[in-house]
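>>> 3D, please:
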Amino acid sequence: MNAFVELSDQGQVAIPQDIRERLRLVSGDRLELIERSDGVFVRKSPVRSGESFEAITARIRARVPKYNRSTSIEDMNAAVAEMWAQGGPHWDR
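Reported below is the predicted structural model:
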């Protein structure tokens, strides 16, 4: 969807409500402005937890049951392909 907004004297723009709802934008969300040759691209800035990679992986490993077999790269590729065939990841919806 395209929308037209007006720049205020203070350099602010208001994002229309239907777009905010569709993108799940709420007050306080950080937006990233990316300058391009044809204008400005705006996207929601990813939220960083501040945790180290080791802490995040340890938390994930604690929740995933251990199996006695390893997973082949072919099995991983098949699982990823199946996920995308079903519409992609669901954790961000």
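>>> any weak-confidence spans in the chain?
67-69, 90-93 (pLDDT under 70).
>>> mind listing the strands for it?
Secondary structure of the chain (DSSP state E): strands at 31-36, 39-44.
>>> out of those strands, which is closest to Met1?
Proximity to Met1 (CB to CB) singles out strand 39-44 among the strands of the chain, at 13.3 Å. Bear in mind the C-beta positions are built from the backbone N, C-alpha and C, glycine included.
>>> just checking, what packs against the closest one?
strand 31-36 (3 or more CB pairs under 8 Å, 6 or more residues apart in numbering; DSSP states H and E).
>>> and the strands of the chain as TSV, adding distance to Arg59 and mean neighbour count?
Output for the strands of the chain, formatted as TSV (distance: least, CB to CB, whole Å; neighbours: other CB atoms under 10 Å):
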stretch	distance to Arg59	mean neighbour count
strand 31-36	26	9
strand 39-44	24	10
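>>> how about the ones you listed in CSV, adding distance to Arg61?
Converted to CSV, the strands of the chain look like this (distance: least, CB to CB, whole Å):
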stretch, distance to Arg61
strand 31-36, 31
strand 39-44, 29
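>>> and these: which comes nearest Leu23?
Ranking the strands of the chain by proximity to Leu23 (CB to CB) places strand 39-44 first, at 6.5 Å.
>>> which of the strands of the chain sits closest to Trp84?
Nearest of the strands of the chain to Trp84, taken as CB to CB: strand 39-44 at 21.0 Å.
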